[in-house]
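> Okay, predicted coordinates and the sequence, questions at the end:
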Amino acid sequence: LMFVFVGTLCIIANHVVRYVIKKGDSVDVGTLIAKPQGLGANIFSSVAGKVTKITDLAIFIKPTKAITLIPEKITKTIKAGKDDLIACVNEAGVVGMGGAGFPTGTKLATDLKGGYILVNAAECEPLLAHNMKQIMMYPKETIEGIHYCMKIANAKHGIIAIKKKHEKEVETLLKELKGVSDIHIHLLPDIYPMGEERAVVRECLGTLLKVTDLPAAANAHVCNVESVLRVYEAVALKRPVVSKNLTIVGKMKFGKESKVLMNVPIGMKVKDVLDWAGGIDGKYGEIIMGGPFMGRPCKLDEPITKTTGGLIVTEPFKDYKGAKVGLLVCACGGNEERLKGLAEKQNMKVVEVQYCKQALDPKGNGMYKCENPGNCPGQAIKCMNIKKAGATEILISNCSDCTNTVMGSAPGLGLNVHHETDHIFETVGMEVMRKLTKSKFVEGAIPEGCTASRNPEEKENMNNGGNKKYPPVSTEPYQFREDTPDGE
């Protein structure tokens, strides 16, 4: 796929960096352009071109060649030796590519003393599909990346957390895991937010962390599935992070199905990526960078970053003609600012703001965490407070289970329920989130080699999920593959 890029590439820095290039310099794909000052990650050029401008926040590069999806074989720029795994990861600028952006090398530096690498392949957000595409395209490389992470962090166990509904992807992984005894698959139910970090730990290990705890408290690290692939590329291919896998979906000319673009150059503008994918289909409401729940509205001239997962184009907003609305903010979804923005765009007047019963702000900085992600005790009192404030509408950002409990009380109080994802799901013809129609547990037969998030009340399932029985861990060191996809 060829694309003649018009304009300037913008590579943004989301942490304090020291630029190692200057205006007028020529760069190639993989040229180091900035180093972190303190906690952060190296930044590399994703195109061949000339630096035209440098600001406190970004480096602008004018491409001198037609931009293509990043080829698998690019100039080796990682100088660290293959045996120095963590140096390769740090030098390549690998970060949490599921959205957090935390430097992967810093995370893996914590010694797990035989613990777990938990790979988040839940693809938690509805409509996103690039993680599953990766598994189908690069299963061997993904598993190799998990083993590198395990070796760096001194972990004896690897667990891939993936929703049971992804049967083809699970089958593909199981084929690649034949003869591998230190990695297995844990199947998750198809509800939101099964990919939340603490939810992954709870489902895989049976441990509910405190909101102030990191996974290391459970002797584990949680790594996004794309991050482990980039770890593989850093170590085996000496390739820096210069591209991002993306899902494009919504009001697009190609239709309502999700389209995946693999290895999109970091720094491309949103408009150019959407045009590349086929173009926006007429008038639209907003463009969301990320997923339906945790994504944020963005502008056409914003750049793709290492943490961009999706671009969603929505239909124009409905006009609720000044209806009074109460907001119910959930730690697992859009924050208060996001809900207020949606209310304004839909011509609603906010008269009350309530927070989910389980939304805690442990540091007092507005960064809310859910006490037990995906398990809701009920929201009746919150709905009553919103009704008392004079609202006729309630706009929520709740997870699957919390939304279900809202539906148990809000309609009876005369409140019309709206979810932050409504305009997104309606754009693509999906049923909007209301009552829970899916099980909170994995049901049906479980493939051999997998565990699953079963209902703990079902005695026959007690040995097939949670922190129960895992396949035996090999005492022999894993033999890393000598061959790579490009034959090097």
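Yep, that arrived.
> Quick check: closest non-adjacent residue to the residue sitting nearest the centre point of the chain.
Central residue of the chain (C-alpha atoms, centre = their mean): Gly98, 2.8 Å from the mean position. Spatial nearest neighbour of Gly98, chain neighbours left out: Asn224 (3.5 Å); criterion: C-beta to C-beta, 6 or more residues apart in numbering. For every residue, glycine as well, the C-beta is placed using N, CA and C.
> Might you list the low-confidence residue ranges for the stretch 101-250 of the chain?
Along the stretch 101-250 of the chain, no part satisfies pLDDT under 70.
> Just say helix, strand or coil for the residue lying closest to Glu286 once chain neighbours are set aside.
Leaving out its chain neighbours, the residue that sits closest to Glu286 by C-beta to C-beta, 6+ apart is Pro297, at 4.7 Å. The three-state label given to Pro297 by DSSP: H, G, I helix; E, B strand; the rest coil is strand.
> surely Pro297 meets Ile287?
Yes - contact between Pro297 and Ile287 holds when scored by C-beta atoms under 8 Å: they sit 6.8 Å apart.
> For the two, indicate the residue with more neighbours.
Ile287 (22 against 16; other C-beta atoms under 10 Å).
> Please name the residues that touch the more buried one.
With contacts defined as C-beta atoms under 8 Å, 6 or more residues apart in numbering, Ile287 is in contact with Val270, Leu274, Pro297, Cys298, Lys299, Leu300, Leu311, Ile312, Val313, Thr314.
> cutoff 6 Å now
Neighbouring residues of Ile287 by C-beta atoms under 6 Å, 6 or more residues apart in numbering: Cys298, Val313.
> cool, and the one 3 residues further on?
Each residue near Gly290 by C-beta under 6 Å, 6+ apart is listed here: Gly309, Gly310.
> at 8 Å instead, please
Residues in contact with Gly290 (C-beta under 8 Å, 6+ apart) are Gly99, Glu125, Arg296, Thr308, Gly309, Gly310, Ile312.
> Is the second one part of a helix or strand, or is it coil?
What it means is Glu125. coil.
> Quick check: it touching Met294?
Yes - if you go by C-beta under 8 Å, Glu125 and Met294 touch, sitting 6.8 Å apart.
> Can you list phi and psi of the residue nearest to the centre of the chain for me?
Dihedral pair for Gly98: phi -90, psi -10, per degrees, to the nearest 10.
> Repeat that for Glu91.
Backbone torsions of Glu91, given as degrees, to the nearest 10, read phi -60, psi -40.
> Measure how buried Lys321 is and give me the count.
When counting by other C-beta under 10 Å, one arrives at 9 neighbours for Lys321.
> Tell me who's in contact with it.
Residues near Lys321 by C-beta under 8 Å, 6+ apart: Asn347.
> That one: which element?
Secondary structure assignment for Lys321, by DSSP states H and E: no helix or strand.
> And for Asn398, nearest residue in space, chain neighbours not counted?
Distance criterion C-beta to C-beta, 6+ apart; nearest residue to Asn398, sequence neighbours excluded, is Cys330 at 4.1 Å.
> any idea of the pLDDT on the one you found?
Looking at Cys330, its pLDDT stands at 94.
> sorry, back to before: what's the spacing between the residue nearest to Glu286 and Glu337?
Noted for Pro297: a distance of 11 Å to Glu337, by C-beta to C-beta, to the nearest Å.
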